[in-house]
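Colleague: Give me the fold of what follows.
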Amino acid sequence: MARKVKVKKKKIRLIPILIFLVVLILLILLISFILSTRTKNIIITGNSLVSDQTIIEEAGLSDYPKYFSVSTRKIKKEIKKNPYIKKVKVERKFYNTFKITVTEEKVLLYDYPSHNYILSNGKEIVSDKEYLGVPTLLNHISDTVYDRFIKKLDELDTDILKQISEIKYDPSSYDETRFFLTMNDGNYVYINIPNFKSLNMYNQIYPNFDGHIGILYLDSGYGEASEYKILK
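Modeller: A predicted model of the protein is given here:
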């Protein structure tokens, strides 16, 4: 007679499976919630020429979109289209915050013939805004000199640039890079491209002339103010 063998039925443990499913569902809901949360705050630093609102609009953040749906690379790309912006850094911060740090181009001068402002990158800007402390360029500059002039002007100390009232391109028969500057203090300066950096010494040079008003010649030699013609 054949012996009966009892086969044990394997019990399915429902509780661990249910716990796993509940945890999985909660995790999915949590991730969905996090991904759907919107941008809470936008911090902008380094700007003075471009307003916070303009940067926010150009970055595509004006409606405070879903935080994790926004590409920081795209924000950077869009902001850099603004001619005033030189560099952009975009960071994600705690509590759905974007921190945008910009470096702006300098407004170097007002071009009177074109009625436009010229930036340190050489671009012309049409603006209704009046920028204080910016010299006025009175005439057209030769194309062979212009780029070097912009570069040299950009290298000037900011406080020296603010002391220049007017700039006239005034080439001579022997020097096509010569300029005639009218300073805010009433003095005049002849200077050329090779010696342009010597203008950074203006505040140290001028006191040597005992408060007289005149013409300072920085367009020859090494720009050491070897000549100064007193007008009054």
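Colleague: Helix, strand, or coil at Ile25?
Modeller: Using DSSP: H, G, I helix; E, B strand; the rest coil, the structure places Ile25 in helix.
Colleague: OK, contacts around Leu218?
Modeller: For Leu218, the contact set (Cβ atoms under 8 Å, 6 or more residues apart in numbering) comprises 189-192, 195, 198-199, 225. Quick note: C-beta positions are derived from backbone N, CA and C, even for glycine.
Colleague: Show me the two of those that sit farthest apart.
Modeller: Based on Cβ to Cβ, the longest span within these runs between Asn192 and Ala225 and measures 13.8 Å.
Colleague: For those two, indicate the residue with more neighbours.
Modeller: Higher neighbour count among Asn192 and Ala225: Asn192, with 22 against 19, using other Cβ atoms under 10 Å.
Colleague: So the more buried one sits against Asp219, correct?
Modeller: Yes - between Asn192 and Asp219 there is a contact at 4.4 Å, judged by Cβ atoms under 8 Å.
Colleague: who touches both of the two?
Modeller: Going by Cβ under 8 Å, 6+ apart, residues that sit against Asn192 and also against Asp219 are 175, 178.
Colleague: any idea how far Met201 is from the residue nearest the centre of the chain?
Modeller: Central residue of the chain (Cα atoms, centre = their mean): Glu104, 1.6 Å from the mean position. According to Cβ to Cβ, to the nearest Å, Glu104 stands 27 Å off from Met201.
Colleague: ditto for Tyr110
Modeller: 25 Å.
Colleague: In terms of packing, which of the two has more residues around it?
Modeller: Set side by side, Tyr110 and Met201 show more neighbours around Tyr110, with 20 against 15, by other Cβ under 10 Å.
Colleague: for the protein, what spans make up the helices?
Modeller: Using DSSP state H, the helices of the chain run over 14-36, 52-58, 72-79, 143-154, 158-161, 202-205.
Colleague: how about the ones you listed in JSON lines, adding mean neighbour count?
Modeller: Converted to JSON lines, these look like this (neighbours: other Cβ atoms under 10 Å):
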{"stretch": "helix 14-36", "mean neighbour count": "10"}
{"stretch": "helix 52-58", "mean neighbour count": "16"}
{"stretch": "helix 72-79", "mean neighbour count": "16"}
{"stretch": "helix 143-154", "mean neighbour count": "15"}
{"stretch": "helix 158-161", "mean neighbour count": "13"}
{"stretch": "helix 202-205", "mean neighbour count": "16"}
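Colleague: looking at these, which one has the lowest mean pLDDT?
Modeller: Mean pLDDT is lowest for helix 14-36 among those, at a mean of 77.
Colleague: starting at the chain centroid, how far to it?
Modeller: 46 Å (Cα atoms, centre = their mean, to the nearest Å).
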